[in-house]
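Participant: structure for the following, please:
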Amino acid sequence: MRETLQAKSMEAQALKHKLGITMWTEFTQDVNQSLQSVRESQAYRKVNDAFSEFHHAVTSAPMYQRTGAALKSTGEKASGLFAGLGAKFSEARESAAFKSMGERMGSMVTTVKSKVSTSGSNSSQSFDEALKEAEAAQRQAEGAPPPAADQPQ
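Facilitator: Modelled structure (predicted):
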């Protein structure tokens with residue numbers, strides 16, 4: 001009897017394989033049937049109905065309606081504000097003053113890099129000294145007076 005059962009089981013497996021029925025397919029079908037049984041149960045229906053009533057009561061409440069409208073209005077205002085700020089930043093990036101400042105910073109960085117890279121091999125100039133030198137050269141190029149020696153920068 002055991003042998004017959006085993007033979008029938010192997011035959012069933014071979015048929016399933018030929019039909020393309022995998023263990024995953026069977027598992028998926030079992031889960032779907034279980035979920036369907038739960039959805040059709042009396043307990044699920046009662047809970048679902050109670051939740052639907054609660055949801056309707058909450059969403060139709062005046063306070064909920066006012067809060068939703070206030071949040072929508074606030075979101076629209078914030079969106080407009082951020083769009084305006086983005087436009088202002090774009091304008092500032094395109095301005096001559098911003099570009100000029102960027103060029104000055106770029107030249108100062110290049111000067112500091114060259115001073116530091118050459119100072120590592122043949123002198124003991126520190127990064128701070130190179131930066132001060134570059135700032136002095138920048139001020140001199142712009143025609144600004146040098147800062148007092150005892151004032152912090």
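Participant: and the worst-scoring helix or strand of the chain on mean pLDDT, what does it pack against?
Facilitator: The helix or strand of the chain with the poorest confidence is helix 96-122; it has a mean of 76 (mean pLDDT, DSSP states H and E). Under the contact criterion of 3 or more C-beta pairs under 8 Å, 6 or more residues apart in numbering; DSSP states H and E, helix 96-122 touches helix 127-142. The C-beta positions use only the backbone N, C-alpha and C, and glycine is treated the same way.
Participant: average pLDDT for the helix it packs on, rounded please.
Facilitator: Taken as a whole, helix 127-142 has a mean pLDDT of 79.
Participant: between helix 96-122 and it, find me the angle.
Facilitator: 140 degrees (axes from the mean of the first three to the mean of the last three C-alpha atoms, to 10 degrees).
Participant: list the buried ones in helix 127-142?
Facilitator: Ala130, Leu131, Ala134, Glu135 (16 or more other C-beta atoms under 10 Å).
Participant: can you pull the contacts of the first one?
Facilitator: Contact partners of Ala130, counting by C-beta atoms under 8 Å, 6 or more residues apart in numbering, are Thr111, Val112, Lys115, Val116, Ser119.
Participant: out of these, who's the most crowded?
Facilitator: Counting neighbours by other C-beta atoms under 10 Å, Lys115 comes out on top of the contacts of Ala130 with 20 neighbours.
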